Each structure stands twice: as structure tokens, then as C-alpha cells.
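*Asks:* Got a predicted model here, sequence first, then my questions.
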Amino acid sequence: MGKSNRRTGSAAELAVSAKLVSLGYEVSFPFGGEAPYDIVACKDGRLVRIQVKSATISKYGSYRCTLTHGRASKAKYTSEECDVVVLFVPYSQDYTDISEDGFYVIPIKELVKINRFHAILFPSGRGRGNIKICKWEEFRDGWENI
């Protein structure tokens with residue numbers, strides 16, 4: 001993984017962690033980098049393993065986020081690896097009129113059902129053509145899924 005990708009991933013993990021702390025969760029990070037999840041969140045005695053995925057903007061203004069891991073095999077996440085996947089979209093960085101970033105909180109059981117390799121995301125009302133709301137909007141700020 002290149003420095004730019006590592007930096008983008010670290011920024012996403014910190015943004016998700018800060019949001020979790022603001023919502024009353026205790027947050028910890030697995031040591032050593034071998035765990036199949038990025039964050040462990042705890043609230044009311046319940047531990048949740050969270051995989052964070054960062055989205056990058058395309059030339060069309062939408063964001064692409066991979067929903068897989070591994071360089072060669074591109075394996076999909078499973079419930080053995082994590083409980084929730086959070087897609088982080090830095091809207092406030094790329095749009096001057098949007099002050100809040102996008103957090104799409106998807107339980108792993110839902111992600112397995114959706115069965116996709118990547119997500120295309122965009123701010124509400126900013127889609128192209130007839131699609132103004134992205135299909136992932138139902139998971140936006142879905143912190144109750146943790």
C-alpha cells in the first residue's frame with residue numbers, strides 16, 4: 001500500500017473514531033495490523049468490530065469505495081472478520097458548500113446480502129441524470145447499526 005493510500009485510510013479511521021467517541025463509544029485499535037478490522041468500539045458493554053473504508057472522488061463528482069480486501073484476490077468481508085463496515089466520504093473536503101462528511105454504517109449481514117464489490121456514493125441531491133439519491137443513503141449516519 002502506498003503512502004497516499006495509507007494516509008487516506010488513516011484519516012478515515014480517525015474520522016470514524018472521532019465520530020464514535022462523540023456518540024459515547026470507547027474506541028480502541030488492534031495492535032500489529034493483522035486484524036481483519038480497523039476499530040473496536042464499545043458501548044454499554046457491547047464490543048463491535050468495525051472495518052473502515054475510505055472513498056475517493058472521481059472526475060464526475062461521485063465517490064468510489066471498494067467493499068473488498070486483499071490485493072490479488074479481492075475477497076469480500078464476512079461476519080467472521082467484522083461486524084460493521086463504515087464507508088467514510090470526505091464531502092467537506094471536496095465540496096465547499098457541504099460541512100459534514102458522509103458516514104455510511106453498514107452491518108456486515110446487509111453487506112453480504114447486497115453482494116457488491118464497490119459502492120458509488122454522492123451527496124444527497126447531487127447525483128447524475130435521474131439518480132439524485134445514492135442507493136447507499138439508507139445507511140448514511142446509521143450509527144444505530146452498531
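*Replies:* All right, it came through fine. Numbering: from 1, shown residues only.

*Asks:* Point me to the residue sitting closest to the centre of the protein.
*Replies:* By CA atoms, centre = their mean, the mean C-alpha position of the chain lies nearest to residue 87, the distance being 1.5 Å.

*Asks:* contacting residues for that one?
*Replies:* 53-55, 65, 102-104, 106, 119, 121, 136, 139 (CB atoms under 8 Å, 6 or more residues apart in numbering). Bear in mind the C-beta positions are built from the backbone N, C-alpha and C, glycine included.

*Asks:* likewise residue 81?
*Replies:* Counting by CB under 8 Å, 6+ apart, residue 81 has contacts 36-37, 49, 51, 108.

*Asks:* Return the subset of these lying in helices.
*Replies:* residue 108 (DSSP state H).

*Asks:* so which of the contacts of residue 81 comes closest to residue 76?
*Replies:* residue 108 (9.8 Å; CB to CB).

*Asks:* Distance of the closest residue to the closest one other than its chain neighbours relative to residue 87?
*Replies:* Spatially, and ignoring its direct neighbours in sequence, residue 108 is nearest to residue 79 (5.0 Å; CB to CB, 6 or more residues apart in numbering). Per CB to CB, to the nearest Å, residue 79 is found 18 Å from residue 87.

*Asks:* Would you mind listing the two of the contacts of residue 87 that lie farthest apart?
*Replies:* For these, with distances taken as CB to CB, the pair at the greatest spread is 54 and 139 (15.6 Å).

*Asks:* on that earlier part again, now, the most widely separated pair of the contacts of residue 81?
*Replies:* 36 and 108 (10.9 Å).

*Asks:* which residues touch residue 94?
*Replies:* residue 57.

*Asks:* If we use 10 Å, what do you get?
*Replies:* The contact partners of residue 94, by CB atoms under 10 Å, 6 or more residues apart in numbering, come to 56-57, 61, 63, 101, 123.

*Asks:* Can you lay out the contacts of residue 87 as a markdown table showing neighbour count and pLDDT?
*Replies:* Below are the contacts of residue 87 laid out as a markdown table (neighbours: other CB atoms under 10 Å; pLDDT from 0 to 100):
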| residue | neighbour count | pLDDT |
| --- | --- | --- |
| 53 | 23 | 95 |
| 54 | 22 | 93 |
| 55 | 25 | 92 |
| 65 | 20 | 90 |
| 102 | 24 | 93 |
| 103 | 20 | 96 |
| 104 | 23 | 95 |
| 106 | 23 | 95 |
| 119 | 23 | 90 |
| 121 | 24 | 89 |
| 136 | 20 | 91 |
| 139 | 24 | 95 |
